[in-house]
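Visitor: Mind looking at a prediction? Sequence and model below.
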Amino acid sequence: MSDTSQALRAAPLVAALAAAFASPSWAEDAQTVVVTAGRTAQLLTDTIPHTTVLTRTDIEGSQAIDLASLLATEAGVQLSSNGPRGTATSLFVRGAQARQVVVLVDGVPMARHDATGQIGIEHLMLDQVDHIEIVRGNASALYGAGAIGGVIQIFTRASASAPSQASVRIEGGSRGLVHGSAQVLQNWGATQLSLGVSGERDKGYSALDASQVKAANPDRDGYRNTSAALNLTHALAPGQTLGAGWVHSDGKLDYDSSFASPVDTQRSRTRKDLVHVSSSNAMSSAWTSRVRLSSQREDTWDDTSGDFGYHAEYRTTVDSLNWDNSVALSQTFSLNGGLDYQRQRIDADDGFGGQYDHARTLSAVFGGARASFGAHDLSAQLRYDRVSGTDSRTSGSLGWAWQFDPAWKAMASVSNAFGVAPLGYLYAPYFGNPSLKPELSRSAELGLQWAVTNHRLRATLFQTRITDEIDYDTSTFSFGNIARTRNRGLELSYNGRFGGTELRGSLTSQHAIDDVTGQRRLRRSDLLGSLALSQDLGQGWRLGLALRHAGDRPDNNNRTLPAYTVADLTAQWDMSRAIQWFARVENVADAHFQTATNYNQPARGFFAGLRWKLPL
């Protein structure tokens, strides 16, 4: 029996168990508002694409430090890293490549235009994050090229209407981890300020497995990070708000190279800075508008010693202007639309004489409509993108939802998308290819949702086909439009509470393949699963258990990475209204596993810390 068939047979049982435990004491899903799924505000239970939200409470309960660790248990999400914290990490959503997933920070898409195809999520810490919205599946009609697999939006912490307060977190543990952060939320009437800073030092472990790679340097590969975020808003009048923000991350990393010798050292540094100003305006009782101007810059330096040592520098800069509008013509009909503009640039020196400096512009106009007809909701989106140096493209999506019962809803959608290569894929000396065409895709989904007070269960059947997919061609030693790929599968996710017990779970059964050869795609598992259980014990105590599983998956050089299951334990104790103690054991069973061939993953570790909150 296939994994998909097994998951389909299990879905009714999961729904029946959830219904049996339903209780009327909590209605978070009925009140949660998201903006990423439709680029306008809507209830989480009304979203047509499979969307989940991780709140600040979820983040603190998980005790995760960085974004990659937090996302590892989400439905349809798989990560692959080259060793300890801070090393290169690939993010796959529904089997899509990392560059086919849009990551937004406060509405601004993060970008890296070297030849890695990565986003650099390993350097995004969570101390300054308020909540995260995860939208799975093609969203190119909303966000343009690069959103074939989905969208992850990070919202940094803002004061809003919360009481003014200061908070401090300190933590330490295995492998020499020392982590601290401080946050201030301050309100002065119409003006609100949020400022947070954090620092981390992790001595790590050897990235490469010396038993598999004889050239591995056995020293510990550590990571250091300093981060900061600032948000400032001022209400000029009711419905008229000005805002400004700054997000900063500076990560310093030791790593291993399989092309070096055991005595060589490798170091890297990545510094990210994002600044933005915005104006949010209620133009009328029905029309809201937001204009955002942003500038982001990422600098990366790589240094390697030895006979083949080098020093490389890469700088990506992206300047953006976004204009979003939402018009509610009635309670059952609304319009949205706007403009996006970007100027992207890469300035690079690979350390071997390969230097390049290129820029391009992207401009887009988009619009859509949502309408309700009794128990039926319809949505349509259309976007026209023009990218300098390549063809103009149009993306579209159609979605339908049917609330056929107070607790049950059916959803369906179809969409198309395109993706353009990073500038490094086009112009990097020796292996860049300026003749690359945009990759094209078509997606379809069919979903079923059960939502009652305290519980939400979602099942989604999906399929995405990509033609002219861009990848590295080992026969020409350059990038090319060489692939035609397909991924189809089933996602199940559940979120609920039974009295003092909170439960989150997910199961993803998929089959990501090369549609020409039928071979499975590298580092994508056919089966992913997770379970997070949190129990309130009273007297301020809470215990948690988190499990994550990934099935076997192919990797380079005809290697197969075996399946693994990792369990983590957490505990927290509210010692008073102001002070909270927390602790965790990562990888309780000390499982040995790899997410990329030859690269170690962390062994069992013990960590503990304190959070302190002080009203201002």
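Guide: Cool, the structure landed.

Visitor: Tell me who's in contact with residue 595.
Guide: The contact partners of residue 595, by CB atoms under 8 Å, 6 or more residues apart in numbering, come to 79-81, 523, 550, 561, 601. C-beta coordinates here come from the backbone N, C-alpha and C atoms, glycine included.

Visitor: Please enumerate the strands of the stretch 101-250 of the chain.
Guide: Remark: strands assigned in the stretch 101-250 of the chain by DSSP state E, counting those that start in this stretch are 101-105, 108-109, 129-136, 150-156, 165-173, 177-188, 191-205, 221-237, 240-255.

Visitor: Which of the ones you listed sits closest to residue 116?
Guide: strand 240-255 (13.3 Å; CB to CB).

Visitor: can you tell which of the strands of the stretch 101-250 of the chain is closest to residue 438?
Guide: The nearest among the strands of the stretch 101-250 of the chain, by CB to CB, is strand 101-105 at 15.6 Å.

Visitor: picking that back up, distance to residue 32 and mean neighbour count for the strands of the stretch 101-250 of the chain - can I get that in TSV?
Guide: Converted to TSV, those look like this (distance: least, CB to CB, whole Å; neighbours: other CB atoms under 10 Å):
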stretch	distance to residue 32	mean neighbour count
strand 101-105	18	23
strand 108-109	23	24
strand 129-136	9	23
strand 150-156	13	24
strand 165-173	23	16
strand 177-188	21	18
strand 191-205	21	20
strand 221-237	21	19
strand 240-255	22	20
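
Visitor: would you turn the ones you listed into a markdown table with distance to residue 290 and mean pLDDT?
Guide: Shown next, in a markdown table, are those (distance: least, CB to CB, whole Å; pLDDT from 0 to 100):
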| stretch | distance to residue 290 | mean pLDDT |
| --- | --- | --- |
| strand 101-105 | 14 | 95 |
| strand 108-109 | 12 | 92 |
| strand 129-136 | 17 | 96 |
| strand 150-156 | 14 | 96 |
| strand 165-173 | 27 | 96 |
| strand 177-188 | 22 | 95 |
| strand 191-205 | 17 | 96 |
| strand 221-237 | 12 | 96 |
| strand 240-255 | 9 | 96 |
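
Visitor: quick revisit: neighbour-wise, which one of the contacts of residue 595 leads?
Guide: Sorting the contacts of residue 595 by how many neighbours each has (other CB atoms under 10 Å) puts residue 550 first, at 26 neighbours.

Visitor: Name the nearest residue to that residue, ignoring sequence neighbours.
Guide: Excluding the flanking residues, the one nearest residue 550 by CB to CB, 6 or more residues apart in numbering is residue 525, at 4.6 Å.

Visitor: correct me, but that neighbour touches residue 548?
Guide: No - the pair residue 525 / residue 548 is not scored as a contact, 11.1 Å apart, by CB atoms under 8 Å.

Visitor: quick revisit: hang on, the residue nearest to residue 550 in a helix?
Guide: No - according to DSSP: H, G, I helix; E, B strand; the rest coil, the state of residue 525 is coil, so it is not within a helix.

Visitor: Now do the SS call for residue 61.
Guide: Residue 61 - assigned by three-state DSSP - is helix.

Visitor: tell me the pLDDT at it?
Guide: According to the prediction, residue 61 has pLDDT 94.

Visitor: in the sheet, who's paired with the residue nearest in space to the middle of the chain?
Guide: Against the mean C-alpha coordinate of the chain, by CA atoms, centre = their mean, the closest residue is residue 152 at 4.2 Å. Note on residue 152: beta-bridge partners residue 103, residue 134, judged by DSSP bridges.

Visitor: and what of residue 349?
Guide: Counting by DSSP bridges, residue 349 is bridged to residue 313, residue 355.

Visitor: And for residue 251?
Guide: Residue 251 forms beta bridges with residue 225, residue 270, as assigned by DSSP bridges.

Visitor: what are the ranges of the strands in the stretch 401-550 of the chain?
Guide: With DSSP E, counting those that start in this stretch, the ranges of strands along the stretch 401-550 of the chain come out as 408-419, 439-452, 455-473, 478-498, 501-514, 527-538, 541-550.

Visitor: In terms of secondary structure, what does the fifth one contact?
Guide: Where contact means 3 or more CB pairs under 8 Å, 6 or more residues apart in numbering; DSSP states H and E, strand 501-514 is packed against helix 3-20, strand 478-498, strand 527-538.

Visitor: Contact partners for residue 327?
Guide: 286-287, 334-336.

Visitor: Just the buried residues out of those, in PyMOL syntax.
Guide: In PyMOL, a selection of the buried entries from these looks like this (16 or more other CB atoms under 10 Å):
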select buried, resi 334+335+336
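
Visitor: and the contacts of residue 327, which two are the farthest apart?
Guide: Spatial extent of the contacts of residue 327 (CB to CB) is set by the pair 286 and 336 at 12.2 Å.

Visitor: From residue 361, how far off is the residue nearest to residue 422 when sequence neighbours are not counted?
Guide: With sequence-adjacent residues excluded and distances taken as CB to CB, 6+ apart, residue 422 is closest to residue 113, at 4.6 Å. Distance from residue 113 to residue 361, counting by CB to CB, to the nearest Å: 13 Å.

Visitor: Pick out whichever of those two has more residues nearby.
Guide: Taking neighbours as other CB under 10 Å, residue 113 and residue 361 compare with residue 113 leading, 27 against 14.

Visitor: how close does that one sit to residue 344?
Guide: Distance of residue 113 to residue 344, computed by CB to CB: 6 Å.

Visitor: And residue 405, by the same measure?
Guide: Computed as CB to CB, the residue 405 to residue 344 distance reads 47 Å.

Visitor: Likewise for residue 78?
Guide: Counting by CB to CB, the gap from residue 78 to residue 344 is 27 Å.

Visitor: still on that earlier bit, list the residues that contact the residue nearest to residue 422.
Guide: By CB under 8 Å, 6+ apart, the contact list for residue 113 reads 316, 344-346, 422-424.

Visitor: what bridges to the closest residue to residue 254 other than its chain neighbours?
Guide: Among residues not flanking residue 254 along the chain, residue 221 sits closest, at 4.2 Å (CB to CB, 6+ apart). Residue 221 forms beta bridges with residue 205, as assigned by DSSP bridges.

Visitor: possible to save the strands of the stretch 101-250 of the chain as a markdown table with distance to residue 502?
Guide: Shown next, in a markdown table, are those (distance: least, CB to CB, whole Å):
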| stretch | distance to residue 502 |
| --- | --- |
| strand 101-105 | 27 |
| strand 108-109 | 32 |
| strand 129-136 | 16 |
| strand 150-156 | 22 |
| strand 165-173 | 22 |
| strand 177-188 | 24 |
| strand 191-205 | 26 |
| strand 221-237 | 27 |
| strand 240-255 | 30 |
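
Visitor: where does residue 214 land on pLDDT?
Guide: At residue 214, the pLDDT value in this model is 85.

Visitor: which ones are touching it?
Guide: Listed by CB under 8 Å, 6+ apart, the contact partners of residue 214 are residue 262.

Visitor: Give the residues shared as contacts by residue 113 and residue 361.
Guide: residue 344.

Visitor: ok, the residue of the chain most remote from its centre - contacts?
Guide: The centre of the chain is farthest from one residue, residue 307, which by CA atoms, centre = their mean lies 37.9 Å away. Neighbouring residues of residue 307 by CB under 8 Å, 6+ apart: residue 261.
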